[in-house]
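Engineer: here's a sequence, model it:
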Amino acid sequence: MVASIDGSTAVDGSSGKLGNANDSAVLKQLRSIADVIIVGAGTARTEGYGPPSKPGQRIGVVTASARVDVTTPLFTSGAGFLITTTTATVPSSVDAVRAGDDAVDLVAALVGLGAVCDEPRVVQCEGGPSLNGSLFSRDLVDEINVTTSPLVVGGDGGRLATGAEAHSHSFELSQLLIDDESFLFSRWSRKRRDDG
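Structural biologist: Residues are numbered from 1 along each chain as shown. Prediction:
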């Protein structure tokens, strides 16, 4: 994820103007180790998601309604699939992971990814804020990678996570880098409780 100093995740409706070449390189590297990427339908549409460059990688678009344009290259390439509810109408040409009746049950959906991907070990979420919030609420995130852009942009851009139920999950800083353009790259790992 990328955010401005004042917390916005978008400029003019897109995250693209917040990043730089190094941010793109970090995202490309993270994608290279992911077996599957999940992304909210609004983010996939706004950011113009297409087929991944990594052979065999799949991209799951999370949507309760399944009202997604499946004629885009993401889906016609066979790389895209839907993560949706058991009641949504899904075109027969598109793979789907179904979990939950009225809303997507993310716990069950992550378990069900093996039906469309060969036993994924690394699942990367690329937002948007509502999907992030849902994953955080359910304590389904092991690592967070955040680029802080050296911009203050104002406006009403979203945060990294929205709509999350109240929760408190601890993370610890695993890596911190600063480039020559003052972009800050941080990696946070889930801090597990010592139950012993």
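
Engineer: quickly find the element holding residue 59.
Structural biologist: Using DSSP states H and E, residue 59 maps to strand 58-62.

Engineer: tell me which residues are up against that strand.
Structural biologist: Identification of contacts with strand 58-62 by C-beta atoms under 8 Å, 6 or more residues apart in numbering yields 35-41, 44, 49, 51-52, 68, 74, 79-84, 97, 104, 106, 109, 113, 116-117, 131. C-beta here means a position set from N, CA and C on the backbone, and glycine is covered the same way.

Engineer: now intersect those with the strands, please.
Structural biologist: Taking DSSP state E, the ones among these that sit in strands are 36-40, 80-84, 97.

Engineer: out of those residues, who's the most crowded?
Structural biologist: residue 83 (30 neighbours; other C-beta atoms under 10 Å).

Engineer: now do the domain split for this protein, please.
Structural biologist: Using automatic domain parsing, the domain parsing of the chain gives 1-34+126-196, 35-121.

Engineer: the shortest one: end-to-end distance?
Structural biologist: Using C-alpha to C-alpha, to the nearest Å, the end-to-end distance of domain 35-121 comes out at 7 Å.

Engineer: what does the pLDDT read for the residue nearest to residue 139 when sequence neighbours are not counted?
Structural biologist: In space, and not counting its chain neighbours, residue 139 is closest to residue 169: 5.5 Å by C-beta to C-beta, 6 or more residues apart in numbering. pLDDT for residue 169: 90.

Engineer: also the one 10 residues further on?
Structural biologist: The confidence metric pLDDT takes the value 98 at residue 179.

Engineer: and the gap between the most centrally placed residue in the chain and residue 168?
Structural biologist: The chain has residue 126 as the residue nearest its centroid, 2.0 Å off, counting by C-alpha atoms, centre = their mean. Counting by C-beta to C-beta, to the nearest Å, the gap from residue 126 to residue 168 is 24 Å.

Engineer: again, but for residue 92
Structural biologist: 43 Å.

Engineer: repeat that for residue 179.
Structural biologist: Taking C-beta to C-beta, one finds residue 179 at 31 Å from residue 168.

Engineer: these two - which one has more neighbours?
Structural biologist: residue 179 (16 against 4).

Engineer: touching, that one and residue 185? I think so.
Structural biologist: Yes - contact criterion C-beta atoms under 8 Å: residue 179 and residue 185 qualify, at 7.3 Å.

Engineer: overlap in contacts, these two.
Structural biologist: With C-beta under 8 Å, 6+ apart as the test, residue 179 and residue 185 both reach residue 22.

Engineer: and the longest helix seen in the chain, C-alpha only, in CSV?
Structural biologist: As assigned by DSSP state H, the longest helix anywhere in the chain is helix 21-33. As requested, the backbone C-alpha atoms of helix 21-33 are provided in CSV (Å, rounded to 0.1, in the frame of the first residue of the first chain):
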residue,chain,number,x,y,z
ALA,A,21,9.8,4.1,-9.6
ASN,A,22,11.1,2.6,-6.4
ASP,A,23,7.6,2.1,-5.1
SER,A,24,6.7,0.3,-8.4
ALA,A,25,9.8,-1.9,-8.0
VAL,A,26,8.8,-2.9,-4.5
LEU,A,27,5.3,-3.7,-5.6
LYS,A,28,6.7,-5.7,-8.5
GLN,A,29,9.0,-7.6,-6.2
LEU,A,30,6.1,-8.4,-3.7
ARG,A,31,4.0,-9.6,-6.6
SER,A,32,6.8,-11.9,-7.8
ILE,A,33,6.6,-13.9,-4.5
